[in-house]
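Student: sharing a model prediction with you, sequence too.
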Amino acid sequence: MRALTFLARRFVAGEDAAKAIEAVAKLNKKGLRATLDFLGEDTENEAQAAAAADEYTALLAAIHGAGVEANVSLKLTQFGLNLGPAVAKRHLGRVLEQAKRLKNFVRVDMEGSAWTQATLDLVLDAHKSYGNVGTVLQAMLRRTAGDVALLNKAGVRVRLCKGAYKEPADVAFPRKTEVNEAYDALARELLDSGPYPALATHDDGRIEAAIKHAKAKGIRSDRYEFQMLYGLRARRWAELTAAGYGMRVYVPYGTHWFPYFSRRLRERKENVLFIVRNMFRG
Ligand SMILES: Cc1cc2nc3c(=O)[nH]c(=O)nc-3n(C[C@H](O)[C@H](O)[C@H](O)COP(=O)(O)OP(=O)(O)OC[C@H]3O[C@@H](n4cnc5c(N)ncnc54)[C@H](O)[C@@H]3O)c2cc1C
């Protein structure tokens, strides 16, 4: 377990908010923005949901105090969505209130497809009351074109990703080529009609396709941003920043790192090779 904790450090900035903010300050110096994620999901009781909201409320204050360029990303099952939507709504509301007071923004991450509808319902509702909230859509899901249209119409900011959860074939495209095609089409739709879309991917094919479309349509590079995960493709972050594109790095912190870490290992064999190489290094 200790080895894994050490190895997880490639993907996780530290165990507490202070360490995570140090990492953000370093990114900011290189012209990179950040979104901070306090690791956690599938909360077991309301006390844990309340504690997660407390952490995010304090985190937003710490971001403000440190003067770093960062917003926050959170998961609704960490806020009690699995205990009922009213629980998640209550705790999310507290965080959105704080973010609004501090003129910051909250991104609600997207979890497995069992949570998609409930997440969108809560985000749309919260957006009406607070404004400063956006969410994530997953290109792998067959339903996503409809959700892009809905969120664009409501003026809700979308981060587009491929999707990190295992899904059945009736819900998600099973083949990578289909997911990539869907990603490109959805990115075009978001660039054309969405408020400040975030294109979250490490895949150069998707990045180049989005840039090509934006250029052809005369969409300026400050109307959207790219996002990547902490620990993955740092050189590419720098290249895109130098080329004049906004780049935000998703920076997770906390002790509940195992599910996040497992998703990173599952999606890419090179991430596993990195772990294996380090395990055999003295
Ligand atoms: C900022 C951010 C937020 C996210 N939020 C969510 C969320 O809320 N919900 C969710 O389900 N998922 C989320 N994800 C995860 C996402 O859904 C994917 O699981 C993950 O990003 C892997 O897909 P990919 O688009 O990077 O491409 P992949 O299909 O993993 O990779 C495609 C290609 O990209 C290139 N590539 C990828 N990694 C590397 C690397 N390390 N070095 C060199 N080349 C590389 C290679 O050419 C590779 O073949 C998020 C991802 C990011 C970046």
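Tutor: Nice, thanks for sending it over.
Student: quick check, pLDDT for the residue sitting nearest the centre point of the chain.
Tutor: In the chain, the residue lying closest to the centroid (C-alpha atoms, centre = their mean) is Asp109, at 5.3 Å. pLDDT for Asp109: 98.
Student: same question for Phe261.
Tutor: 80.
Student: where does it land in three-state SS?
Tutor: helix (DSSP: H, G, I helix; E, B strand; the rest coil).
Student: number of residues surrounding the closest residue to it other than its chain neighbours?
Tutor: In space, Phe261 comes closest to Ala8 once its chain neighbours are excluded; the distance is 4.8 Å by C-beta to C-beta, 6 or more residues apart in numbering. The way it works is simple: take the backbone N, C-alpha and C, and place the C-beta from them, glycine included. Counted with other C-beta atoms under 10 Å, residues neighbouring Ala8 total 18.
Student: can you pull the buried residues of stretch 183-201?
Tutor: Within stretch 183-201, the residues that count as buried by 16 or more other C-beta atoms under 10 Å are 183-191, 194, 197-201.
Student: quick one: contacts for Asp170?
Tutor: The neighbours of Asp170, taking C-beta atoms under 8 Å, 6 or more residues apart in numbering as the test, are Arg142.
Student: helix or strand for it, which one?
Tutor: Asp170 belongs to no helix or strand when assigned by DSSP states H and E.
Student: and Ala172, bridged to which residues?
Tutor: Leu141 (DSSP bridges).
Student: name the helices or strands packed onto the helix or strand hosting Ala145?
Tutor: When elements are defined using DSSP H and E, Ala145 is found to belong to helix 144-154. Applying 3 or more C-beta pairs under 8 Å, 6 or more residues apart in numbering; DSSP states H and E, we find helix 144-154 packed against helix 116-130, strand 133-138, strand 158-161, helix 176-193.
Student: now mean pLDDT and distance to Phe79 too, for these, in TSV please.
Tutor: TSV is the format used below for the helices and strands packed on helix 144-154 (pLDDT from 0 to 100; distance: least, C-beta to C-beta, whole Å):
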stretch	mean pLDDT	distance to Phe79
helix 116-130	98	9
strand 133-138	98	12
strand 158-161	98	18
helix 176-193	98	25
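Student: would you turn those into TSV with distance to Arg223?
Tutor: Listed next are the helices and strands packed on helix 144-154 as TSV, based on distance: least, C-beta to C-beta, whole Å:
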stretch	distance to Arg223
helix 116-130	19
strand 133-138	15
strand 158-161	13
helix 176-193	8
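Student: tabulate the ones you listed (CSV), appending distance to the ligand.
Tutor: As requested, the helices and strands packed on helix 144-154 are arranged in CSV below (distance: least, C-beta to the nearest ligand atom, whole Å):
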stretch, distance to the ligand
helix 116-130, 10
strand 133-138, 4
strand 158-161, 3
helix 176-193, 6
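Student: can you tell me, leaving aside adjacent residues, what's nearest to Val95?
Tutor: Nearest non-adjacent residue to Val95 (C-beta to C-beta, 6+ apart): Tyr56, at 4.5 Å.
Student: no no, Glu15
Tutor: Distance criterion C-beta to C-beta, 6+ apart; nearest residue to Glu15, sequence neighbours excluded, is Thr255 at 5.5 Å.
Student: how much space between the one you found and the ligand?
Tutor: 20 Å (C-beta to the nearest ligand atom, to the nearest Å).
Student: that residue: what secondary structure?
Tutor: Following three-state DSSP, the label given to Thr255 is coil.
Student: who in the stretch 51-200 of the chain is up against the ligand?
Tutor: Asp109, Met110, Val136, Gln138, Cys161, Lys162, Gly163, Ala164, Tyr165, Ala200 (C-beta under 6 Å from any ligand atom).
Student: reformat those as CSV; add distance to Ala88.
Tutor: Shown next, in CSV, are those (distance: C-beta to C-beta, whole Å):
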residue, distance to Ala88
Asp109, 13
Met110, 14
Val136, 15
Gln138, 19
Cys161, 21
Lys162, 25
Gly163, 21
Ala164, 20
Tyr165, 18
Ala200, 22
